[in-house]
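In: I'll drop the sequence and a predicted model, then ask my questions.
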Amino acid sequence: KKTPYPVKDGENIVTMQSIKSFHACGVDVTVLTMNTPKHYFDYEKLPDDIKQLANFSAVYIDTKISLRSAFKNLFTNESYNVKRFYSKIYEEKLISILKENSFDIIQLEGSYLGQYISVIRKLSKAKIVLRAHNIEFEIWELLAKSEKKFLRKKYLMMLATRMKKYEINLLNSYDAIV
């Protein structure tokens, strides 16, 4: 859900280290990443030594929080946190990659990408592995518990509850979880 390069935090470190390790073992690696405003990287500037590790593709997705979208989401049962990481353009790029390639394993870096499982299952026989960097709903629960303002606390708890439902509903959709 974010670019693995440049390496700036724990998620970047583990993702880039996985890419390097797979490459070192002779595995052909393809990386499809979301290029978001928060973690934007110009892939034209990707160093040659990193380019050699994998076939990198990036799709720009605006994941910024929108008050309008957040308000509209109140009247649904969907996780707004997850919904922000859905993109038709990203899905189309994923479909294109899956149609052009055959994979043994498709590793999803984080539960936010679980919403693309049905597309993957339709077009690939690959095993789907979730690398769970976090149990996301727990982060939102902690934020809610530490919030002092009543309405904000209620909103954060709603986000946590929806995220928990989303994560639990997807658990049996993966072939493995790391």
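Out: Nice, thanks for sending it over. All values reported here derive from a predicted model rather than from experimental measurement.

In: and the longest helix along the chain, what does it pack against?
Out: Longest among the helix segments of the chain by residue count, using DSSP state H, is helix 150-170. Packed against helix 150-170 by the contact rule (3 or more CB pairs under 8 Å, 6 or more residues apart in numbering; DSSP states H and E) you find helix 80-83, helix 136-146. To be clear about C-beta, it is placed using only N, CA and C from the backbone, and glycine gets the same treatment.

In: pull up the pairing partners for the next helix or strand after it, direction included.
Out: Toward the C-terminal end, the helix or strand that comes next after helix 150-170 (DSSP states H and E) is strand 176-177. Applying DSSP bridges to the sheet, strand 176-177 is found paired with strand 127-131 (parallel).

In: quick one, what contacts residue 40?
Out: If you count contacts by CB atoms under 8 Å, 6 or more residues apart in numbering, residue 40 has them with 3, 60.

In: now do the same for it: helix, strand or coil?
Out: In the three-state summary, residue 40 is assigned as coil, counting by DSSP: H, G, I helix; E, B strand; the rest coil.

In: distance of it relative to residue 155?
Out: Residue 40 sits 27 Å away from residue 155 when distances are taken as CB to CB, to the nearest Å.

In: over to residue 165?
Out: The gap separating residue 165 from residue 155 is 16 Å, by CB to CB.

In: all set, thanks.
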